[in-house]
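>>> with the input below, show me the fold.
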Amino acid sequence: MTGNLFLSMDFGLNTPEQPGTDDGTNRPWLGDRPIWYSNNSIRLDPGVDIATIGQPTHIEVRVSNKGEQVMKYVTVEAWFFIPGIGAMKPPGAFHTFVSGLSDVPAGGSTVFTCDTDPVWVPSDTDLAKTNGGHACIIANCFQSDEFVADPEGTPVDVDQPVAPNGDQHQGQRNIQLIKVKKAAASAPQWVDYTTYPPTDSGHHEYLVNATHVNPRMERFDPTTESVLASQEGVETGVNGGSGLNLITSGGPVEIRPATDPPTFELRTEGLPRELGTRFRFEEDRADQIDSEMMVQLPPDAEVGSLHSFDLGMWAEDDELVGSGMHVLVLVTE
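Numbering: from 1, shown residues only. Now for the predicted structure:
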């Protein structure tokens, strides 16, 4: 899809408040870090990736304009989904957020604040299935056809899955950070999520798989750094260093990427336990399936180690179905 408006995958990641390498022309996005479902133009306010009980919560979406003319009367629609994988449609969202109209300057960007009416104040019931409030947010930007004769972009068709990796006007942020105490790191850890089956899925085979992210360098990718840096108990630049440190009772401990992969096992009704095993959905399956995945960290997982993996569902043609999820497991004191 062509046009000037887009949600930049890596805005501000390499240089704060400055555009990144994504100019909106490459869709699907083929970069592996940031992976496309960790779009840095989308965030919760407050919390970035985590909603907090009792806090009035908005979604902020930065819309960029690669054109030479101001894009007028732009609006954004966004959805808060229970974190998961698969084919997500707007009616399956937990909440829908909408912004007001605003302009996006030529060659620049505008941050839109999206709200529910009334403003959403999360309750413990709201966040019961979100692994401590972790968000899966999908956003879509477009010009209003009420004020623009030939508008760019359109509202998402409620009968179709969103396409955040195929449409430059859409984006997704689906990152879960799970903290595990060292004393419990040898026990199985559980990641709760939701599986969103595709339409007509009973006629095709799928598989669910988790891919361990083994960093090619000692530093984390900018997305991971930004997520970690927003956490309480994590500081940067301790003792003159440039890395991230976990503050413990014995002093700062450098957070470092784990190189040994965890092992995984599924706990989802109707799906095989072993990852990478092909299956068919039942014809009468629900539109949203409560799912769990067991994660067993390596036996020598130390305080400050970060274990990262991507979770997704693949079709027979080895294409990722809908949305994926990026998971970070941090071992704490």
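
>>> just the pLDDT for D317.
pLDDT for D317: 89.

>>> look up how far E254 lies from it.
Distance, D317 to E254, by CB to CB, to the nearest Å: 42 Å. Every residue, glycine included, has its C-beta placed from N, CA and C.

>>> who's in contact with the closest residue to T195 other than its chain neighbours?
If the residues on either side of it in the chain are set aside, T195 comes closest to I289, at 4.2 Å by CB to CB, 6 or more residues apart in numbering. Applying CB atoms under 8 Å, 6 or more residues apart in numbering, one finds that I289 lies in contact with T194, T195, Y196, P197, T268, E269, G270, L271.

>>> are any of those residues buried, and which?
T194, T195, Y196, P197, T268, L271 (16 or more other CB atoms under 10 Å).

>>> can you give me the end-to-end span of stretch 312-323?
7 Å (CA to CA, to the nearest Å).

>>> now do it: everything it contacts.
With CB under 8 Å, 6+ apart as the test, stretch 312-323 has contacts from 37, 84-88, 136, 138, 161-162, 164-165, 172, 174, 195-196, 198, 204-209, 211, 324-325.

>>> quick check on those residues: which are buried?
37, 84-88, 136, 138, 161-162, 164-165, 172, 174, 195-196, 198, 206-209, 324-325.

>>> what about those residues, which are in strands?
Residues of the buried ones among the contacts of stretch 312-323 located in strands (DSSP state E): 84-86, 136, 138, 172, 174, 195-196, 207-209, 325.

>>> hang on, T268 packs against S291?
Yes: with contacts counted by CB atoms under 8 Å, T268 reaches S291, the gap being 4.1 Å.

>>> joint contacts of the two?
Between them, T268 and S291 share the contacting residues T195, judged by CB under 8 Å, 6+ apart.

>>> now I178, nearest residue through space, not along the chain?
The shortest distance from I178 to any non-neighbouring residue, by CB to CB, 6+ apart, is to V329 (4.9 Å).

>>> each with direction, which strands does whatever helix or strand that neighbour lives in pair with?
Take DSSP states H and E as the rule and V329 turns out to sit in strand 325-332. Strand 325-332 has its sheet partners listed here by DSSP bridges as strand 170-181 (parallel), strand 305-314 (antiparallel).

>>> and which of the buried ones among the contacts of I289 is nearest P188?
Among these, T268 lies closest to P188 (CB to CB), at 15.5 Å.

>>> give me the pLDDT for that closest one.
As predicted, T268 sits at a pLDDT of 90.

>>> mind listing what it touches?
Applying CB under 8 Å, 6+ apart, we find T268 in contact with T195, V208, I289, D290, S291, E292.

>>> quick one: buried residues of the helix or strand the fourth one falls within?
In this structure, D290 is located in strand 289-296 according to DSSP H and E. By neighbour count, and taking 16+ other CB under 10 Å as the criterion, the buried residues in strand 289-296 are I289, S291, M293, V295.

>>> for the second one, give its distance to D192.
Pointing back at S291 there. For S291, the distance to D192 - CB to CB - is 7 Å.

>>> so what's the spatially most central residue of the chain bridging to?
Nearest residue to the geometric centre of the chain (CA atoms, centre = their mean): N174, 1.5 Å. Note on N174: beta-bridge partners by DSSP bridges are C136.

>>> show me what contacts it?
Taking CB under 8 Å, 6+ apart, we find N174 in contact with Y37, S38, P83, A135, C136, I137, S323, G324, M325, H326.

>>> got CSV for the strands paired with strand 325-332, with distance to A258 too?
Shown next, in CSV, are the strands paired with strand 325-332 (distance: least, CB to CB, whole Å):
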stretch, distance to A258
strand 170-181, 12
strand 305-314, 5
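
>>> tabulate the ones you listed (a markdown table), appending distance to T57 and mean pLDDT.
Listed next are the strands paired with strand 325-332 as a markdown table, based on distance: least, CB to CB, whole Å; pLDDT from 0 to 100:
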| stretch | distance to T57 | mean pLDDT |
| --- | --- | --- |
| strand 170-181 | 14 | 94 |
| strand 305-314 | 25 | 94 |
